[in-house]
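In: Structure for this input, please:
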Amino acid sequence: MTPFGEKMRKLRADRAITLKQMSTAIGVSSAYLSALEHGKRGRPGWHLIQRIIAYFNIIWDEAEEVTRLARISHPRITIDTSGLNPLATELANRLADDIGKLEPQTLNELLAVLSAKKQGGK
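Out: You can find the predicted model right below:
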């Protein structure tokens, strides 16, 4: 499941909405919506995200969060390390090999390190 799929599932569960109800309302198949939630499809396009935001009638910060989650929810990514430090290539390959073996706590720690670097921390 992707972060976006997890958020959609929570939004539906909180409102007791089925996949079928939501898919009919936003104009996609329930199979597509299920695949999107489970990370079997690529990230949704901008127009679909907007329909989902409107469907759940969410605004401001939560709408921005849904958009952010969609942006980081591509289930199959490619990392181009050409021209970077060799350590970047090693890290990308190690992550590709080992990501399925990492515990949630370790994933949270790695995400925290990356977030701190992005925000200018150490």
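In: Tell me the confidence at residue 121?
Out: pLDDT for residue 121: 58.
In: ugh, wrong one, I meant residue 74
Out: In this model, residue 74 is scored at 85, pLDDT.
In: Now do the same contact list for it.
Out: By Cβ atoms under 8 Å, 6 or more residues apart in numbering, the contact set of residue 74 is 2, 42, 43. For every residue, glycine as well, the C-beta is placed using N, CA and C.
In: same check, this time on residue 11
Out: Contacts of residue 11 (Cβ under 8 Å, 6+ apart): 17, 56, 58.
In: center of this protein - which residue?
Out: In the chain, the centroid-proximal residue (Cα atoms, centre = their mean) is residue 73; its distance is 2.4 Å.
In: which among the contacts of residue 74 end up buried?
Out: Buried subset of the contacts of residue 74 (neighbour count, 16 or more other Cβ atoms under 10 Å): 2, 43.
In: will you turn the contacts of residue 74 into CSV that also has distance to residue 25 and pLDDT?
Out: Formatted as CSV, the contacts of residue 74 follow (distance: Cβ to Cβ, whole Å; pLDDT from 0 to 100):
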residue, distance to residue 25, pLDDT
2, 21, 90
42, 22, 84
43, 20, 87
